[in-house]
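Asker: All I have is the shape, not the residue letters:
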């Protein structure tokens with residue numbers, strides 16, 4: 001079963017209990033892929049074919065440029081630019097005398113959505129989400145691990161819920177949803193209180209009151225809403 005391949009990294013991420021465990025998995029996957037593509041994998045012919053075609057998103061171009069090995073990035077850019085040059089030549093004439101603007105627009109739209117690192121991360125991450133549901137279904141210890149998480153961001157809670165609905169029978173799905181809500185709802189309530197207190201602290205009447213857990217509540221709210229990855 002494919003999910004069994006990822007049981008160790010998924011379990012380890014849940015054991016850390018240092019935020020949304022699926023955000024942790026995403027960050028780990030991204031770091032691994034970036035290290036590989038900026039290292040030996042960059043010269044592998046089959047991978048080079050993919051990077052030539054897909055390129056990278058703005059976020060990952062930025063992260064690669066900050067990794068200190070710009071020669072690797074330059075070599076990938078060199079072959080990627082060469083790969084796309086015919087498709088992004090706006091005024092190049094076709095065999096039938098038409099301009100190349102339509103192909104240019106199609107290619108730029110395609111490139112705006114494509115990224116080698118994102119594709120690799122998303123492919124592995126979707127299997128890890130399925131693994132988490134599989135572990136919840138088959139291992140009692142993992143049920144407790146899920147219930148003990150500090151929180152799940154809304155992005156990944158939704159992924160887990162959709163996966164569970166697709167893979168579990170109705171009775172198990174309802175139990176899974178209940179366990180997940182047992183983590184998400186209390187955290188949302190507590191977070192809402194912290195953000196409200198953060199706002200009140202800017203009122204002079206509350207100036208002398210302690211901050212409690214509110215000081216970083218804005219940052220935590222963003223991570224909860226959009227993910228920390």
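Answerer: On my side now, so go ahead. Model, not experiment: these values are computed from the prediction.

Asker: tell me the SS of the spatially most central residue of the chain?
Answerer: Taking Cα atoms, centre = their mean as the criterion, residue 26 is the residue nearest the geometric centre of the chain, at 4.8 Å. Classification of residue 26 by DSSP: H, G, I helix; E, B strand; the rest coil places it in helix.

Asker: Out of the helices and strands in the chain, which is least certain?
Answerer: helix 101-113 (a mean of 86; mean pLDDT, DSSP states H and E).

Asker: how distant is it from the center of its chain?
Answerer: 24 Å (Cα atoms, centre = their mean, to the nearest Å).

Asker: Stretch 204-219: end-to-end distance?
Answerer: End-to-end distance of stretch 204-219: 23 Å, with Cα to Cα, to the nearest Å as the criterion.

Asker: do the same with stretch 111-122
Answerer: 17 Å.

Asker: Show me which helix runs longest in this protein.
Answerer: Looking across the chain with DSSP state H, the single longest helix is helix 170-200.

Asker: what mean pLDDT does that one have?
Answerer: Regarding helix 170-200, the rounded mean pLDDT is 97.

Asker: Output the contacting helices and strands for the next helix or strand after it.
Answerer: Next in sequence after helix 170-200, counting helices and strands by DSSP states H and E, comes helix 217-226. Helix 217-226 is packed against helix 154-167, helix 170-200, with contacts defined by 3 or more Cβ pairs under 8 Å, 6 or more residues apart in numbering; DSSP states H and E. The way it works is simple: take the backbone N, C-alpha and C, and place the C-beta from them, glycine included.

Asker: how much distance is there from helix 217-226 to the middle of the chain?
Answerer: 15 Å.

Asker: Now do that helix and helix 154-167, the angle between them.
Answerer: Orientation note: helix 217-226 sits at an angle of 30 degrees relative to helix 154-167 (axes from the mean of the first three to the mean of the last three Cα atoms, to 10 degrees).

Asker: Contacts for helix 217-226, please.
Answerer: 19-20, 23, 151, 153-155, 187-188, 191, 194-195, 197-198 (Cβ atoms under 8 Å, 6 or more residues apart in numbering).

Asker: buried stuff in stretch 186-194?
Answerer: 187, 188, 191, 194 (16 or more other Cβ atoms under 10 Å).

Asker: circling back to that earlier point, now that we have the contacts of helix 217-226, which of them are buried?
Answerer: Buried among the contacts of helix 217-226 (16+ other Cβ under 10 Å): 19, 20, 23, 151, 153, 155, 187, 188, 191, 194, 197, 198.
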